[in-house]
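Student: Any chance you can model this:
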Amino acid sequence: MSRNAKIAAGGVAVGLILLIWLPWWASLLIVLGVPAAAYLALDPSQRRRLRRASRKEIGR
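Tutor: Have a look, this model is predicted:
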């Protein structure tokens, strides 16, 4: 299993646990808020590099 697949599987597991313990809107806030906060914490140069790498991976 690749590293990204492990991360995705862990995210799904955490999401399911959060849905059981918290209301659905709180789970949604956490699932969407954590990656958004991590992206906003990057420097502008790191954001550019991340966007450039993402475009290369999808073949643009």
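Student: what about S2, how many neighbours?
Tutor: With neighbours defined by other CB atoms under 10 Å, the count for S2 comes to 7. Any C-beta I mention is one placed from the backbone N, CA and C, and that applies to glycine too.
Student: where does it land on pLDDT?
Tutor: With respect to pLDDT, S2 scores 82.
Student: Quick check: phi and psi on it?
Tutor: phi -70, psi 170 (degrees, to the nearest 10).
Student: Please identify which helix or strand holds R48.
Tutor: Element membership for R48 (DSSP states H and E) is helix 44-57.
Student: List the contacts of that helix.
Tutor: Helix 44-57 is contacted from outside by 39, 42, using CB atoms under 8 Å, 6 or more residues apart in numbering.
Student: if you average pLDDT over that helix, what comes out?
Tutor: Here helix 44-57 scores 81 as its mean pLDDT.
Student: Ok, stretch 31-38 next?
Tutor: In the prediction, stretch 31-38 has an average pLDDT of 86.
Student: can you pull the alpha-carbon coordinates of it into CSV?
Tutor: In CSV, the C-alpha atoms belonging to stretch 31-38 read as follows (Å, rounded to 0.1, in the frame of the first residue of the first chain):
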residue,chain,number,x,y,z
VAL,A,31,-12.5,17.3,8.0
LEU,A,32,-12.5,20.5,5.9
GLY,A,33,-10.9,22.8,8.3
VAL,A,34,-7.7,21.0,9.1
PRO,A,35,-6.4,20.8,5.5
ALA,A,36,-7.5,24.4,4.8
ALA,A,37,-5.6,25.6,7.9
ALA,A,38,-2.5,23.6,6.9
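Student: Using CSV, list the CA coordinates for the longest helix seen in the chain.
Tutor: The residue-count maximum for a helix in the chain (DSSP state H) belongs to helix 3-21. Extracted as CSV, the C-alpha positions of helix 3-21 are listed here (Å, rounded to 0.1, in the frame of the first residue of the first chain):
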residue,chain,number,x,y,z
ARG,A,3,2.0,6.2,1.5
ASN,A,4,-0.9,8.2,0.1
ALA,A,5,-3.3,5.3,0.3
LYS,A,6,-2.3,4.8,4.0
ILE,A,7,-3.0,8.5,4.7
ALA,A,8,-6.4,8.3,2.9
ALA,A,9,-7.4,5.2,4.8
GLY,A,10,-6.4,6.8,8.1
GLY,A,11,-8.5,9.9,7.1
VAL,A,12,-11.5,7.8,6.4
ALA,A,13,-11.2,6.0,9.7
VAL,A,14,-10.9,9.2,11.6
GLY,A,15,-13.8,10.6,9.8
LEU,A,16,-16.0,7.7,10.7
ILE,A,17,-15.0,7.9,14.3
LEU,A,18,-15.8,11.6,14.4
LEU,A,19,-19.2,11.0,12.9
ILE,A,20,-20.0,8.6,15.7
TRP,A,21,-18.8,10.9,18.5
